[in-house]
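[1] need coordinates for the following:
(chains A and B)
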Amino acid sequence: MKVAIIGGGKLGYKLAESLSGRSIDCLVVDNDEDVIEKLNEHLDVLTYKANGLEVESLKNIDIASFDFVVVCTGSDEINAIICTLAKSLGCKATIARIRNPEYRKQLDSFKKHLGMDYIVNPDLATANEIVRFISKRYNFYSGDYAEGEVQLIDFPILMVKDFIGKRIMDLEHLEGLLIAAIMRKGNTIIPDGNTLLEEDDVLYIIGKSESIDRFVGYYKLNVTDKIVKNVMILGGGNLSYYLAVKLSALNMSVKIIEQDELRCKYLAEKLDKNVMIINGDGTDITLLEDEDMASTDAFISATNLDEQNLLMAVLAKQEGVSKIIAKFSRPGYDRLVDRLGIDFAINPVNITAGHILKIIRGGKIVSVSVLLGGHAEVTEVAVDEHMPIIGKKLADLGLPKGIIIGAVVRNKEVLVPNGQTVIYPGNKIIVFCLTSELNKLDLFLKPDRGGKLFELRNRNKGSR
Amino acid sequence: MNYAIVIKVLGKIFSVQAVFMIPSLVVATAYREAKDVYAFAATMMILLAVSFITTFIKEKEKKVHVKEAMAIGTLAGIFVSFFGSLPYMFTGTIPSFTDAYFESMSGFTTTGATVLDNVEEFSKGILFWRAFTGWIGGMGILVFSLALLPALGIGGMRIFKAEVTGPVTDKIVPRIKDTAKTLYVTYVVITAAAFLLFKIGGMSFYDACIHAFGTVGTGGYSAKQIGLQAYDSTFLHLTALVFMVLSGTNYALFYALYKRKWADIRGSGELKLYFGLILGASLLIAADLFINGTPFGQSLKDAFFQVGSVTTTVGYAITDYDLWPSFSKIILLMLMFIGGCAGSTAGGLKIIRLFAMLKLVKREIRKTFHPKSVISVKIGERALSDDTLFGVAGFVFLYFLTVVFGTMIITTQGVDLVTAASAVLASVSNIGIGFGAVGPNSSFAFFNDFNTWVLSVLMLLGRLELFTVIAAVAPKRWGYE
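    Modelled structure (predicted):
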């Protein structure tokens, strides 16, 4: 499979990183020499310095030979033009990033007339994730799989002080749950029974939703019974716009603090009356106090500055707001946000990359989420009869250490698998996989081309 | 620096080198040369044993950063040459370690300089190995290892850059592993074509192999003392010329040819300059030779062959050009500096750097008249950034410095200036033949041990294009870490 990425910014880079880890040939086009250089220095992908708007360049890279063209330059309009050109030159499918909410209502006609096959909207996708988090009881991140039957939660070990200094096999009340990974000082560790837990660790636990609830209840993890009613949002960008629309639809009262007066007026025009728009500096503590930050139920910092977002979130936490959410986009910050005490730090790039990966991998992949600062992905797969993983005990599959099958859903029932579990066609599996092992994961999910030899080859490749 | 990963990658390269010894082992067996068979078998055992030991080293981090890649490139050059010299010593062909190491380094750097006189006396197996080292060195043992071994990811690209020639190294297909594979397939196909034509032209199977390796790898080894002069066949000489010129071009262009991307080939400014340079230099020399009394046809043939041989740094000779008039000799000397295209198997400064420097000079001249003008230096369609240009300028200057200092060191041992300078140039540019006492019909055997070591180091410096080696051995306080 061949994928061209036009625009090598944060999203383009993340996608290229994820795709090149698989057996997908990846070409990145950008017209900035520095971007090209950075890609060449750090990723094993082909680069091409050109303006994606030039038909000549698109022809030069033989755009017709690509299965997917992902267009993620900085501008919606340029993305649209490139999609139209690429499609007219014969590429099989295009994926465009479109941000402007005003285009929201006409996406169908875009798809029809402008040659866009798929459209991803990072702000909308991020807003959806945040809304999901806010309407939940947990004060830490959790992801839903298999229509909510399976959950993945991550929380700093400080929430359960009992665990510190213990080996995983000595932990109690983990029935039906699996510690899939540990994030320790920015590194991801796949633990086994002997792994010793340390003070700074962040645990990733996957399992049946009921078991997760029981676990959370038993250890009294930070859970609020309070339903969120008031939300304060810092910054009035597109993300805040979507958030305001969605949260006010859930009857929450929303307050947006935005510095730019024109933008405030725009938001006031476009948004529902019960969303309050406040024109002021969101880092001005007196303003925040005046607006009664301490009594809001949730605080979302969503300005364009990562540092401001993270610091204001920490501040809000200190003031006693119960749910703290911060948006950030620099990949390097992934490694530290877990230690800042922010309940939910969200990186729109990861969310969007997950959506695009799902489109590209297509077929039986139900969802893909990028986790742990891009070190790992959780994939939900509907197993069919052509995949090499069926009919064998998990212990005999020779799965590498970085690939964990966290749950198997069979006839609406969720199993936490062990070495004896066998996967059958029609099952759904939730796979936790380190980015470095993604190409091996694909070997296990690729349709079996039949023949013992092929299977043998697969297995050797997989276990190497 | 992450020493563990460096040693691990080196270990894998050693096992690749053991595999590379198989053809020589087969040849030695076929010719029933018992001593050679034992020598190759013993060397392979040693290589595999060393490689096996390195597998026990545990690396904390799998990443190969720039510093590690430089170290891998340099150490691979040093150790591969060391193990490559063992067969020469085991068979007694070259008893002295210094000389054997020189011969091996000369092979792996595609220099093709030799300490052997009366080559025909030596066994077929050893001579095959000697020619084969020149072939491996052409595309490089690191590149081959990248094609074969499990992906090192982006670290692979860094290793690739350390070995592939030229200022800007591009991949031709998305994955570095596949790029390395594609390059090697191209290389093998061209070698096979050269072999076939040599065979058709009347060489024996064995000689056709040796000369195909020598031509395409740009090493320039032969199993005959007088090389291609032994064949009085214009067809063979022409075949050699064509394949030398082909090997001096960028291998990425063969892939473009295969993919029918004519625009890439037409747009290659380097290629045009390369052909122009060969044509112009050959015609000048031919005219000079003709005026000085050589028959017309022979002037043309000798001029083209010698220009092709020197520019592509192969180092074959079909005439004693040391007897040519000075004007022709100075042209050859100039070509020795320049060498072939970037991304080829040839050595030297590389045409593209010369091209960039010429354009830079042009820009500076224009700037004296229009100090405020903004001029972009372009090669073909591609504009070179100032960073690249300064890198090239630094490289060219360092190249001259290396040659000058190298010559100074060699002359301390009482070697005359022409011999010393051309021997140094022949080593740094990986040509293998020079003027005076290292002329086309003589060997490097007369150099004393000290000079032999100096020349070995110069060959490695030249093959890895100076910066790789210098960065790898630079002391920490220079701030390269």
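[2] quick one: residue B:25 from residue B:40, how far?
    Going from residue B:25 to residue B:40 by Cβ to Cβ, to the nearest Å gives 4 Å. To be clear about C-beta, it is placed using only N, CA and C from the backbone, and glycine gets the same treatment.
[3] shared neighbours of those two, anything?
    residue B:125 (Cβ atoms under 8 Å, 6 or more residues apart in numbering or on different chains).
[4] these two: which is more packed in?
    residue B:40 (29 against 21; other Cβ atoms under 10 Å in any protein chain shown).
[5] pLDDT weak spots in the chain?
    Just going to use chain A. For chain A, the stretches flagged by pLDDT under 70 are A:136-143, A:148, A:186, A:220-226, A:362-368, A:370-374, A:446-464.
[6] oops, chain B please
    B:150-154, B:168-169, B:381, B:475-481.
[7] grab the nearest non-local neighbour of the residue of the stretch 301-450 of chain B found nearest chain A.
    Closest contact between the stretch 301-450 of chain B and chain A, by Cβ to the nearest Cβ, is at residue B:385 (5.8 Å). Of all residues not flanking residue B:385 in the chain, residue A:33 sits nearest, at 5.8 Å (Cβ to Cβ, 6 or more residues apart in numbering or on different chains).
[8] residues touching the host helix or strand of residue B:327, excluding its own?
    Under the criterion of DSSP states H and E, residue B:327 resides in helix B:326-338. With contacts defined as Cβ under 8 Å, 6+ apart, helix B:326-338 is touched by B:277, B:281, B:284-285, B:288-289, B:303, B:306-307, B:310-311, B:313, B:321-322, B:324, B:348-351, B:354, B:399, B:403, B:422, B:425-426, B:429, B:431, B:434-435.
[9] OK, contacts around residue B:339?
    Residues counted as contacts of residue B:339 (Cβ under 8 Å, 6+ apart) are B:248, B:311, B:312, B:313, B:346, B:347, B:348, B:349, B:350, B:351, B:429, B:430.
[10] try it again at 7 Å.
    If you count contacts by Cβ atoms under 7 Å, 6 or more residues apart in numbering or on different chains, residue B:339 has them with B:311, B:313, B:346, B:347, B:348, B:349, B:350, B:429.
[11] show me those residues that map onto helices.
    Using DSSP state H, the subset of the contacts of residue B:339 located in helices is residue B:311.
[12] find the closest residue to chain A in the stretch 151-300 of chain B.
    Nearest to chain A in the stretch 151-300 of chain B, going by Cβ to the nearest Cβ, is residue B:174, at a distance of 4.0 Å.
[13] count the neighbours of that residue for me.
    Residues contacting residue B:174 under the criterion other Cβ under 10 Å number 23.
[14] grab the most central residue of the chain for me.
    I went with chain A, as the question did not name one. Central residue of chain A (Cα atoms, centre = their mean): residue A:351, 3.3 Å from the mean position.
[15] actually, chain B is the one I wanted.
    residue B:110 (3.7 Å).
[16] tell me how far that one lies from chain A.
    As for residue B:110, its distance to chain A is 26 Å (criterion: Cβ to the nearest Cβ, to the nearest Å).
[17] do the same with residue B:85
    For residue B:85, the distance to chain A equals 34 Å [Cβ to the nearest Cβ].
[18] list the contacts of the nearest residue to residue B:90 once chain neighbours are set aside.
    Spatially, and ignoring its direct neighbours in sequence, residue B:90 is nearest to residue B:39 (3.6 Å; Cβ to Cβ, 6+ apart). Shown in contact with residue B:39 (Cβ under 7 Å, 6+ apart): B:87, B:90, B:91.
[19] next, residue B:39: secondary structure please.
    At residue B:39, secondary structure determined by DSSP: H, G, I helix; E, B strand; the rest coil is helix.
[20] so of the contacts of residue B:39, which ones are in helices?
    Per DSSP H, the contacts of residue B:39 map to helices at B:87, B:90.
[21] quick one: which of the contacts of residue B:39 is most hemmed in?
    Scoring those on neighbours with other Cβ under 10 Å, the highest-scoring entry is residue B:87 at 30 neighbours.
[22] wait, residue B:391 touches residue B:166, no?
    No. In this structure, residue B:391 is not within contact of residue B:166 by Cβ atoms under 7 Å, at 11.3 Å.
[23] which one of these two has more residues nearby?
    Using other Cβ under 10 Å, the more surrounded residue of residue B:391 and residue B:166 is residue B:166, with 20 against 17.
[24] which residue packs closest to the more buried one, ignoring adjacent ones?
    Excluding its sequence neighbours, the residue lying closest to residue B:166 (Cβ to Cβ, 6+ apart) is residue B:342, at 2.4 Å.
[25] in this structure the one you found contacts residue B:161, no?
    No. At 11.7 Å, residue B:342 does not count as touching residue B:161 under the criterion of Cβ under 7 Å.
[26] for the two, indicate the residue with more neighbours.
    Neighbours per residue (other Cβ under 10 Å) separate residue B:342 from residue B:161, with residue B:342 holding more: 25 against 20.
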